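[1] sequence first, predicted model second:
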Amino acid sequence: MQSLGRDTVTNDNLSDPYRTSKLLAAGAITLSTSPNCSLHELPQAEDGWSYFRSEQVIPCLANAEDEALCRRLEFLIRNEFLVAHCMLGQSQNQLYVRIYLIPFDLAGVRGKLRNRNEVKVMRPARLALRAVLPSIMRDRNTWYADDMAQPSGSRTPFFNNDVDNRSLAELYSDLPSPRIHPPSDSHGGPLIQHVLSGGDIEGLHSRLYPYQRETVAAMLQKELQPVDIPDPLYIPLSGLDGSVFYLQPGTMELLKDQPMVSQVKGGILCEELGTGKTVMCLALILATVDQLSKPEPSCDDVRPVLTPISLCHFHGEQVQSVRKKMSGGSPGSGLSIPTLYETLLHYIRVHPDGLHLRHYEDSGELANHWIPLELNSPFYYQHNNANFKLHARRNSSDPGPCVVYLTSATLVVVPPNLLGQWSSEIQKHCDPSVRVLIVQPQQQLPRARHLASYYDIILLNHDSFAKEAAKADTHKLHSWKMCSCPPYQDTRIPDCSCDIVPGVSPLLQLRWKRLVVDEGHVHGNDKTRISMVAQLLTVERRWLVSGTPTTNLLGLSFGSNSELLDENGWDLLYPSEEGLLQASNVDLGQDELLEVGGQVARVWTSRDRDNLQKLKKMIAYFLKVPQFANLPSLFDTHVIQPLFGVNGPLPGAIQILEQVMQSVMIRHQIADVEKDIVLPPLRHETILLDLHPLAAISYNALQGAIAINAVDSERVDQDYLFHSSNAARLQQLVENMSQLMFWHVDENLFNVEELCQASPSMVEKATERGVSSSDLKLIKDAIRHITFAATNSVWCWVQKHPFPDIPFTITDMPTAIFHTWSEMPFASHSSSTTLSGLMFPSRIAKLRAIVAAHPLISTDSLIEQGVTFIEEEKRLFLILMERAERAKKQAKSKHQEEDQREVLKATDTARHSEAPAAVDESLTQPIADLPLSGVSSQRRAFLLASPLANVHIGNSASVKLDYLLNEVLQYSKTEKFLIFSKSPLTLAHVADGLNLAHVKFLQYTTKVPLQQREQLVITFETSETYRVFLMELKHGSRGLNLVSASRVIFCEPVWQADVEAQAIKRAHRIGQTRPISVKTLAIRNTAEEVMMARRSELKDQAQREKQNANVTDDFRMRSFIANPKFIEGDALTRRPESVRLDIPFLDIPPEPAPPPTAPEVPVSVEQESHAVMAAASDNAVAGPSRLEGTGFQPRAEGGTEEASPMKKRRTVRFMDE
């Protein structure tokens, strides 16, 4: 036949591949025509209509804008993308054009539709199709050119062009709960049905919730019955006749036959945070614990499963073929027939599933057979496919095959801080017969054959896993040499040591049955060593486990009982956008919404692209989904690029992404989870506080420096702090500002003295330049506040203190003692016998320790001790600063602007400094409460007689610390606390306050070694003594199970929603029985309040995608910081009264109860005094002294000894090499 693009009528040939019955009847397009239009010259088509020809149609058009559409149709017709038939309506003023789309896989055209010129045909055709398809209507009246009929109301577009504004986070949150297809009776079907129906999983003690069973069943189905699925890169399109074709929106490829793709044996387990992903993984492992991995499929060579016995003595065709290749063509004559015993040893190792051999491990009758069984490890030969020729003879250029051991073990890789928790979960949920190897940091891995045979679970952390990248010289494994090791005892099984290959990790010598990576979002970066090792491994089934696979990609569901308070009223804090733009040169950045065809379309951003790239790396490089692993660029062209159209995502692009995510992700909707279990309610509120006057002065000084920089630089060029070249300096400024909201000092006093001296010239210069009145007022206000700071003696005294502690208010302390120990400047010395003022916590703790150990110490002795302590403290400070400076130079620290005193504070070095010889050694030991019997009554009397008996500790200079301490003192007797901060320095300040309040706590920060961190988690969960856990956000926000805590406090707002949600989920998860209280502390009228307002604005999934990774990248946040505002009025002089602390300085025992009727035994005062002092010496508590120890070693916080390690349960066997 002639091409349909020509003006020739085709004959009605049933074999014509272009017959309309073989095409997709999409619908019809209506064009308005001018009067007296005639189309009689057009050739007739098979359906009685006329073939569309643009040269005849265009002159008849009533609307000139339809001409472009007709020319596009002509191009698509000529290049065989569609067939168009046309007919005039009865009114003669409407032309109806039927559109039949031609599929690329049309039969009978010898594949020519798949091979068209990309530049000349495909690229313009894609643009034309995207313009034409939305114009096609699907109603019957239009299809039959009936313009006289009443509108049917079903006039719908063939290709839905409605804007889909769903974000990546919304797609993730809306993923449907897993659907388990009816399992077949083939391999794995009965097991899947057994799990679904609630049957016991052998080896698992715990009962799964129904939703957990569904998840495990879905994982089993992906592993055991990975049927082909519809290609997620195509969307269905229905014709008017009900036929369904399939379109790829990115390439506009249309297929008649539904494309199918292979499923990967694995996926991403991304169930909601805190719903039991660990026990789901354990259930999956135990349900398949005896299944042996299968050789990696290959098209180039046959890979039979072998054992040492079968390779040497079996006579099967495949085995003989392998022997022949390995021996250089020798037929291997003289082989004996295997015995029944050897045949059974081979069968047991190759087909272990269902034999339940582990039940006989303690049986004496099989004791002599375990070693032969272990030595007979199953394996296969794997050739290098690039060098291997099927059926070819070995040659000198082929290095030979490598031995790959098969195993039933699962390799589990977890973050370093979760190794102990996974161990605990295994002990809690698993039977003693489960064989577990926990690879501790720095521990060498067992040899490959032992890994393959001795264990069911090999558990190691990310760091240990990543170190194996240095042992990836796998070419050493390839050899034509067969094992010649001597046999074991009287068997014919070689006692093989060939698996010990220097320079090659044993992990790379196994065909792993399964790899599970907890917190698997690390694989979003293909440059990490973890990702490199994971790609090198040969694995049958791969699983990533993460509740937040990429940044801001999380359900963020805390349950239907949860509430978020303080959502309203934030908008009053925002300056108007117009005002911001007038006052600042900060760029608004790219708009994220566009108006397209009367609809508002969301524009996907560079952050979206970054997250999609992370998703691509997980899917293509870790999971190795076949269609993407074979051609990773397919993800870019078919998934990512269509989302970044000029006018927003292309039609269908969002649906493609959704289908790709559904194909690999398993997660339940929170509503489905709550059908089985409802977590306790969660209440999240923001606590707005006003700065203490000393902190407000610091805040104003910092704001003044920002204001002066803005006016002086005229907000342009590199001198301006907010110039793009100053990103690092700006980030440091924001970190300092955040720290200041809790407490921050500066060894340079925020440069107030220098700025004060330069203030006259700054005002003069600004006036000469003719700056605006608002800028002139701004610089004058800045100078006023800087001058106020420079002339405030108390503020300067606090800034210059050797250690950057938060001072506390001390009341009613004898004047002489206070002056010695505090050194606080006063306008004039009071004649009063007692004083109230500020004192630093290290001195409070030391003074209290002295009196606790020596209740009868005199005022003069206390003054003498104070002078000695302060002199030693200053000498120690110089030593530590010198040490810090040396360390900074060696490390070439990039944080040159950091106050080294705060660095020392954060690393907790000063708290373990060596005690000076002049201070009594007994004062450096911790004290504990003495028993309230016997000597305690006299101890009470002695403490009451102390000159410090009436002294109290009041509020500190940090309102956040005051609020924290008040909450802890109020609730810690019945509830436990998690206190989060991104700053180790902030946590050190909290530790000071808790020590003064006699509250036991633990600290989980960077400075605590990894193994101790794991022990701290166990201690906190099991001990009633420790009521507070201080957690550095970057270490404590993921994976940990801390359900003993029911109160969570964030010391500062958390910008990233996923980080905050992860932190909250440490307590709000399965196993929690108490309602959860979450409080975020923020300072009013500062960037922290703006941040909370912005977070509230971005709280829903659609808006969260707008959130920048850094605070300084967000327009509103950046604008607020760039336009400084000062704290004025009474806030600079009057202390806020949000809470009032009143902590007794001395821990005086309460008055004992009346003694029993037994006769009293008189005790002399001397005897009582000696008893008190002996007890105090044995049990003394010295608070956080700077003179205690010089090492950098971490401590168990709260002044107690380190908790002893948890004893290992006997219910699980942990095998160590």
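    Here it is on my side, so go on.

[2] and the residue most central in space within the chain, how close does it get to Thr528?
    For the chain, the residue nearest the mean C-alpha position is Thr548 (5.2 Å; CA atoms, centre = their mean). Plainly put, Thr548 is 17 Å away from Thr528 if you go by CB to CB, to the nearest Å. Every C-beta, even on glycine, is put in place using the N, C-alpha and C of the backbone.

[3] show me this protein divided up by domain.
    With domains defined by automatic domain parsing, the chain comprises 20-143, 286-545.

[4] quick one: the strands in the stretch 601-750 of the chain?
    Per DSSP state E, counting those that start in this stretch, the stretch 601-750 of the chain carries strands over the ranges 665-666, 682-689.

[5] any chance of CSV for these, columns distance to Tyr488?
    Listed next are those as CSV, based on distance: least, CB to CB, whole Å:
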stretch, distance to Tyr488
strand 665-666, 44
strand 682-689, 60
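
[6] out of the ones you listed, which is closest to Cys281?
    strand 665-666 (11.5 Å; CB to CB).

[7] check contacts around Leu24.
    100-101, 103, 237, 239, 243, 245, 254, 256 (CB atoms under 8 Å, 6 or more residues apart in numbering).

[8] swap in 6 Å and give it another go.
    Leu24 makes contacts with 101, 239, 245, as judged by CB atoms under 6 Å, 6 or more residues apart in numbering.

[9] now it, which residues is it bridged with?
    Leu101 (DSSP bridges).

[10] what's the closest non-adjacent residue to Gln655?
    Once flanking residues are discounted, Gln655 sits nearest to Ile235: 5.3 Å by CB to CB, 6 or more residues apart in numbering.

[11] how close does that neighbour sit to Ala653?
    Distance from Ile235 to Ala653, by CB to CB: 10 Å.

[12] tell me how many other residues crowd the residue nearest to Tyr209 when sequence neighbours are not counted.
    Once flanking residues are discounted, Tyr209 sits nearest to Asp676: 4.3 Å by CB to CB, 6+ apart. Counted with other CB atoms under 10 Å, the neighbours of Asp676 add up to 15.

[13] could you do Val968 as well?
    Quick note: Val968 (other CB under 10 Å) scores 24 neighbours.

[14] what helix or strand does it sit in?
    Using DSSP states H and E, Val968 maps to helix 959-971.

[15] quick check: mean pLDDT of that helix?
    Average pLDDT, helix 959-971: 96.

[16] do the same with stretch 24-33
    On average, stretch 24-33 scores 94.

[17] do the same with stretch 226-243
    93.

[18] could you give me the buried positions within that stretch?
    Residues of stretch 226-243 classed as buried: 231-235, 237, 239-240 (neighbour count, 16 or more other CB atoms under 10 Å).

[19] what does stretch 188-197 give?
    Those would be 188-189, 191-196, for stretch 188-197 by 16+ other CB under 10 Å.

[20] same question for stretch 415-428.
    415-427.

[21] could you do stretch 105-122 as well?
    For stretch 105-122, burial by neighbour count (16+ other CB under 10 Å) applies to 105-106, 113.

[22] out of these, which comes closest to Leu61?
    Leu113 (29.9 Å).

[23] return the distance of the longest helix seen in the chain from the chain's centre.
    Ordering each helix of the chain by length in residues (DSSP state H) puts helix 859-891 first. Here helix 859-891 is found 41 Å from its chain centre; the criterion is CA atoms, centre = their mean, to the nearest Å.

[24] just stretch 432-442 next, same as before
    Counting by CA atoms, centre = their mean, stretch 432-442 comes out at 26 Å from the chain centroid.

[25] ends of that stretch, what's the gap?
    Counting by CA to CA, to the nearest Å, you get 26 Å between the two ends of stretch 432-442.

[26] list the buried residues for that stretch?
    Here stretch 432-442 shows 433-439 as buried, counting by 16+ other CB under 10 Å.

[27] now the stretch 851-1000 of the chain, which segments are flagged as low pLDDT?
    Regions of the stretch 851-1000 of the chain meeting the criterion pLDDT under 70 cover residues 888-935.

[28] so, low pLDDT: which residues of the stretch 351-500 of the chain?
    Using pLDDT under 70, the flagged stretches of the stretch 351-500 of the chain are 364, 385-396.

[29] helices of that one, start to end?
    Assigned by DSSP state H, counting those that start in this stretch, the helices in the stretch 351-500 of the chain fall at 370-375, 419-429, 448-454, 462-467.
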